[in-house]
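Student: Need a 3D model of the following:
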Amino acid sequence: MVVEPGEEFWYIAVNVYPYGHGNPTLKDIHVRQALAHAINYTELAQVVWQGYATPAGGLLPVGNKFYDPNLTPYQFNLTLANQILNDAGYKMGPNGVRVSPSGIPLSYTLYVINEAPEEVEAANIIAGWWSEIGVKATVDAVDAGTLASIIWPNFTQDFDLWDWFTSPALPTLLDVFLANQTETGTSDSGYNNSAYDALYGQMITATNYTTVYKDAYELQQMLYQDLPYIMLYYVKSIEAYNSQAFTGYFDNMTGGPFSDVNWYTFIDLQPASTSQSSSTTTQQSSPTSTVSQPTSSPSSGTSSTSTPSSTSSSGISTPLIVGVAVIVIIVVVAAVVLSLRRRPTT
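Tutor: All right, here's what the predicted structure looks like:
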């Protein structure tokens with residue numbers, strides 16, 4: 001079994017769309033800051049993922065080439081969160097729920113995907129912390145299709161707790177926050193910032209990596225400060241496979257040999273030995289592989305693959321038959337996973 005930095009992360013998207021129909025108090029940065037300070041990210045990652053997740057700071061996860069280690073999780077500080085709301089004029093109501101200066105209660109619905117029971121648990125834990133600062137969050141677990149219809153095109157949600165997969169080599173997931181992505185069923189926050197859009201355009205047209213890194217870091221800093229997403233954690237990739245029975249596992253990529261963006265394993269995997277006679281009893285065992293994050297879509301493009309073939313002068317050996325069968329099963333599983341993914345990034 002191997003544990004690698006993964007490509008998946010979970011977050012809470014905040015509806016900040018200027019033309020959205022969620023609770024308008026979420027457009028106030030003070031409310032978003034208070035909410036971000038009212039989550040214990042370390043405890044959440046430990047309880048929900050048993051330590052197989054890293055508390056998140058910036059948008060791009062640890063395994064991404066453009067990960068910014070300077071963006072650390074917001075400090076868990078309920079006293080500070082309460083003070084931020086007090087200073088911004090959000091007074092505590094008689095029912096323990098704060099109200100805005102214009103009289104709007106800080107009462108929200110926190111949607112979460114019901115196919116991920118561990119994240120439903122996370123949502124309920126977060127709602128408990130938020131209640132301690134006078135914020136009421138009602139958790140509503142729904143299927144992905146229902147949640148998508150709530151968000152797009154009218155942005156009627158307050159929050160959604162969801163996940164993304166991203167390419168380990170590119171910063172292109174940052175395009176989710178472009179203003180034009182609200183109309184494509186991609187942006188679930190409705191973030192709209194012309195300065196962000198301009199800087200992203202500069203990044204993708206840069207001719208050297210120094211500029212790309214600088215711009216990618218600055219874009220992540222903008223998101224960190226503006227909080228269209230409250231980042232929760234980066235999930236590690238957990239995989240098991242039999243390296244004695246088969247060779248060709250490509251494990252030099254983020255997420256391990258069976259990650260969502262690593263197709264080299266499917267090309268090169270073959271039995272460790274194909275020279276045995278088919279009449280010889282084999283001591284090799286067929287491996288199993290487990291990929292723990294099959295729920296969402298990577299931001300990388302598709303890659304072209306080809307299926308290798310091999311021949312033996314003694315005929316088709318038992319290990320070879322087993323190897324081909326395993327490859328076919330893996331490809332079928334991968335196809336099913338792809339069909340269930342949430343939505344592609346551009």
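Student: going forward, measure contacts between C-alpha atoms and count neighbours the same way
Tutor: Fine.
Student: Run a quick neighbour tally on Leu60.
Tutor: Using other C-alpha atoms under 10 Å as the criterion, Leu60 is surrounded by 30 other residues.
Student: where's it relative to Phe177, distance?
Tutor: In this structure, Leu60 and Phe177 are separated by 13 Å, where distance is defined by C-alpha to C-alpha, to the nearest Å.
Student: What of Leu199?
Tutor: Between Leu199 and Phe177 the distance, using C-alpha to C-alpha, works out to 12 Å.
Student: of these two, who's got more company?
Tutor: Of the pair Leu199 and Phe177, Phe177 is the one with more neighbours under other C-alpha under 10 Å, namely 24 against 14.
Student: List the contacts of that one.
Tutor: Going by C-alpha atoms under 8 Å, 6 or more residues apart in numbering, Phe177 touches Ser187, Ser189, Gly190, Tyr191, Asn192.
Student: any idea which of those residues is closest to Ser131?
Tutor: Within the contacts of Phe177, proximity to Ser131 (C-alpha to C-alpha) peaks at Ser189, which comes in at 22.5 Å.
Student: Show me which parts of stretch 89-109 are buried, residue by residue.
Tutor: The neighbour-count check on stretch 89-109 (16 or more other C-alpha atoms under 10 Å) flags Tyr90, Lys91, Met92, Val97, Arg98, Val99, Ser100, Pro105, Leu106, Ser107, Tyr108, Thr109 as buried.
Student: go on, stretch 58-65?
Tutor: Buried residues in stretch 58-65, defined by neighbour count with 16+ other C-alpha under 10 Å: Gly58, Leu59, Leu60, Pro61, Val62, Gly63, Asn64.
Student: first vs last residue of that stretch, how far apart are they?
Tutor: By C-alpha to C-alpha, the extent of stretch 58-65 from end to end equals 13 Å.
Student: quick one, helices of the stretch 51-200 of the chain?
Tutor: Counting by DSSP state H, counting those that start in this stretch, residue ranges of the helices within the stretch 51-200 of the chain are 78-87, 117-131, 144-151, 194-204.
Student: Any chance of CSV for those, columns mean pLDDT and distance to Thr172?
Tutor: Rendered in CSV, the data for the helices of the stretch 51-200 of the chain read as follows (pLDDT from 0 to 100; distance: least, C-alpha to C-alpha, whole Å):
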stretch, mean pLDDT, distance to Thr172
helix 78-87, 99, 32
helix 117-131, 98, 25
helix 144-151, 97, 22
helix 194-204, 98, 8
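Student: Out of the ones you listed, the one nearest His21 is which?
Tutor: If we rank the helices of the stretch 51-200 of the chain by C-alpha to C-alpha, the stretch that ends up nearest is helix 144-151, at 9.7 Å.
Student: can you list contacts of the closest one?
Tutor: Contact with helix 144-151 is made by Tyr111, Val112, Ile113, Asn114, Thr156, Gln157, Gly185, Asp188, Arg342, as judged by C-alpha under 8 Å, 6+ apart.
Student: Check the fourth one and give its pLDDT.
Tutor: In other words, Asn114. The per-residue pLDDT reported for Asn114 equals 96.
Student: Please tell me how far it sits from Ala123.
Tutor: Distance of Asn114 to Ala123, given as C-alpha to C-alpha: 11 Å.
Student: right, and His37 touches Thr79 too?
Tutor: No: counting by C-alpha atoms under 8 Å, His37 sits too far from Thr79 to count as a contact (9.1 Å).
Student: the more surrounded of these two?
Tutor: More neighbours surround His37 than the other of His37 and Thr79, with 23 against 13 (other C-alpha under 10 Å).
Student: If we ignore the residues flanking it in sequence, what's nearest Pro228?
Tutor: Counting by C-alpha to C-alpha, 6 or more residues apart in numbering, Pro228 lies nearest to Val14, which is 5.3 Å off, once chain neighbours are set aside.
Student: I'd say that neighbour and Thr156 touch.
Tutor: No: under the criterion of C-alpha under 8 Å, Val14 lies out of contact with Thr156, with a separation of 11.3 Å.
Student: more crowded one of these two?
Tutor: Between Val14 and Thr156, counted using other C-alpha under 10 Å, the more crowded position is Val14 (24 against 17).
Student: residues contacting the more buried one?
Tutor: With contacts defined as C-alpha under 8 Å, 6+ apart, the neighbours of Val14 are Leu26, Asp158, Phe159, Asp160, Asp188, Ser189, Leu227, Pro228, Tyr229, Ile230.
Student: gap between it and Asn23?
Tutor: The spacing between Val14 and Asn23, counted by C-alpha to C-alpha, is 10 Å.
Student: Can you flag which of the buried residues of stretch 89-109 belong to strands?
Tutor: The strands in this structure, assigned by DSSP state E, contain Lys91, Met92, Arg98, Val99, Ser107, Tyr108, Thr109 from those.
Student: Skipping adjacent residues, who's closest to the last one in space?
Tutor: Counting by C-alpha to C-alpha, 6+ apart, Thr138 is the residue found nearest to Thr109 once chain neighbours are left out, at 4.8 Å.
Student: number of nearby residues for the one you found?
Tutor: Considering only other C-alpha under 10 Å, Thr138 is surrounded by 15 other residues.
Student: again with Leu78
Tutor: For Leu78, the tally of surrounding residues (other C-alpha under 10 Å) stands at 20.
Student: State the distance from it to Asn40.
Tutor: With the distance defined as C-alpha to C-alpha, Leu78 ends up 10 Å from Asn40.
Student: Ok, Pro271 next?
Tutor: The separation that Pro271 has from Asn40, given C-alpha to C-alpha, amounts to 46 Å.
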